[in-house]
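Enquirer: please work out how this folds:
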Amino acid sequence: MLYRFLPRVPGQLARGGRLQAMVIEGLADTRNWTSPAMPVGNPYRVSWVDLDDGEAPEDDLRQRAVAKGAALVARGEGLHMGVGRGQSEVFACCTSGGAKQLGQILKLTPGNAGKPDMVELFFESESTAQFNYGDNLTVAPSGHLIVCEDQYTEVQENHIRGITPDGEAYTLALLRTQTELAGGCFSPDGKVLFVNAYDPTATLAITGPWAA
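Expert: All right, here's what the predicted structure looks like:
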């Protein structure tokens, strides 16, 4: 599922609000595991359904969301929200989505001026050379997505991958330590990419030029 929270008082989350799950008009399953139901680049209209008891002590929140029409998402993990081409965009990494189950990236465009929210499949990995189990992601000053891999094969070769605004994937780096990458983010001036190695714990600082 993809969820959002609408606070009762903006900026004061502890005062409560409404938890909602994403419903996609005409599409119940974004994963493309059994059939290519969601092609790359095709926009779908989005609405949101309220969910009660968000703490879900029975661990049944996703089942209740599906029962209300929420769209299935394959292991949703990394999220990044920013402004691209003059409007807000939210990128969501679906780690095991896609026909090859190597990962997908959804792009949600919040509506404004009476327009509805829209979602599309921005990228779906078709080979391990594109990316293998994308996890955390962020957006570089150049507008490219920066994706951290989190795959657990016998020999782990987790990369930092880049994806252009046109959906072309390329390799930025390979982590030679046998662990996952996570938490990619940029310094406020956009000159340094910070990324974490999970175990042994380390934070790497990678200089640009990231705007190029």
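Enquirer: Ser125 reaches Ala99, doesn't it?
Expert: No: distance between Ser125 and Ala99: 9.6 Å, which falls outside the contact criterion (CB atoms under 8 Å). Placement of C-beta: from N, CA and C, glycine included.
Enquirer: any low-confidence regions in the chain?
Expert: For the chain, applying pLDDT under 70 flags the ranges 84-86.
Enquirer: show me where this structure has strands.
Expert: Counting by DSSP state E, the chain has strands at residues 3-7, 17-24, 44-51, 76-84, 87-94, 104-109, 117-124, 134-139, 145-149, 159-163, 169-174, 181-186, 192-197, 202-207.
Enquirer: out of those strands, nearest to Lys68?
Expert: Among the strands of the chain, the nearest to Lys68 by CB to CB is strand 44-51 (4.5 Å).
Enquirer: re the thing from before, so which of the strands of the chain is the most packed in?
Expert: Mean neighbour counts were taken over these using mean count of other CB atoms under 10 Å, and the top value, a mean of 27, falls to strand 145-149.
Enquirer: quick one: it to strand 87-94, angle?
Expert: 20 degrees (axes from the mean of the first three to the mean of the last three CA atoms, to 10 degrees).
Enquirer: and the residue nearest the centre of the chain, bridged to which residues?
Expert: Of all residues in the chain, the one closest to the mean position by CA atoms, centre = their mean is Ala92, 1.8 Å from it. When bridges are assigned using DSSP bridges, the partners listed for Ala92 are Leu79, Leu106.
Enquirer: would you check that it makes contact with Ile105?
Expert: Yes: with contacts defined as CB under 8 Å, Ala92 counts as touching Ile105 at a distance of 7.0 Å.
Enquirer: what about the closest residue to Pro165 other than its chain neighbours, how many residues close to it?
Expert: Nearest in space to Pro165, with sequence neighbours left out and distances taken as CB to CB, 6 or more residues apart in numbering, is Gly143 at 5.1 Å. When neighbours are counted by other CB atoms under 10 Å, Gly143 registers 12.
Enquirer: so Gly143 makes contact with Ile163?
Expert: No: the pair formed by Gly143 and Ile163 falls short of the contact definition of CB under 8 Å, at 10.2 Å.
Enquirer: distance of Gln20 from Gly54?
Expert: Note on Gln20: its distance to Gly54, by CB to CB, to the nearest Å, is 10 Å.
Enquirer: how many neighbours does Glu154 have?
Expert: When neighbours are counted by other CB under 10 Å, Glu154 registers 5.
Enquirer: which residues touch stretch 205-212?
Expert: Under the criterion CB atoms under 8 Å, 6 or more residues apart in numbering, residues Ala140, Pro141, Ser142, Ala173, Phe186, Gly190, Lys191, Val192, Leu193, Phe194, Val195 lie in contact with stretch 205-212.
Enquirer: go with 10 Å
Expert: In this structure, residues lying in contact with stretch 205-212 by CB atoms under 10 Å, 6 or more residues apart in numbering are 140-144, 146, 160, 172-173, 184, 186-187, 189-195.
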